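[1] can't give you the sequence, but here's the structure:
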């Protein structure tokens, strides 16, 4: 069984929004999840 590729979670908090992205490491980074929310 091969080990799973490590994943990297990025969090970008701006003045009016929050963005999250998850990347899977391998030969090249592959974005696997994106989430964007506006602050109220």
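    Looks like it came in fine. Treat the numbers as computed from the prediction; the structure is a model and nothing was measured.
[2] run me through the strand neighbours of the lowest-mean-pLDDT helix or strand in the chain, direction for each.
    Of all the helices and strands that make up the chain, the one with the lowest confidence by mean pLDDT, DSSP states H and E is strand 30-38; it has a mean of 80. Neighbouring strands of strand 30-38 in its sheet, by DSSP bridges, are strand 17-24 (antiparallel).
[3] buried residues in stretch 6-22, which are they?
    Neighbour counts over stretch 6-22 (16 or more other C-beta atoms under 10 Å) mark residue 21 as buried. To be clear about C-beta, it is placed using only N, CA and C from the backbone, and glycine gets the same treatment.
[4] so how far does it reach from one end to the other?
    In terms of C-alpha to C-alpha, to the nearest Å, the two terminal residues of stretch 6-22 are separated by 10 Å.
[5] who's in contact with it?
    Counting contacts by C-beta atoms under 8 Å, 6 or more residues apart in numbering, the residues outside stretch 6-22 that touch it are 23-25, 29, 31-39.
[6] and the pLDDT for residue 3?
    You'll see residue 3 listed with a pLDDT of 69.
[7] please apply the same query to the one 5 residues further on.
    As predicted, residue 8 sits at a pLDDT of 86.
[8] for it, give the beta-bridge partners.
    When bridges are assigned using DSSP bridges, the partners listed for residue 8 are residue 23.
[9] measure it to residue 16 for me?
    Counting by C-beta to C-beta, to the nearest Å, the separation of residue 8 from residue 16 is 25 Å.
[10] what's the local residue count around residue 26?
    The burial metric for residue 26, expressed as a neighbour count using other C-beta atoms under 10 Å, is 9.
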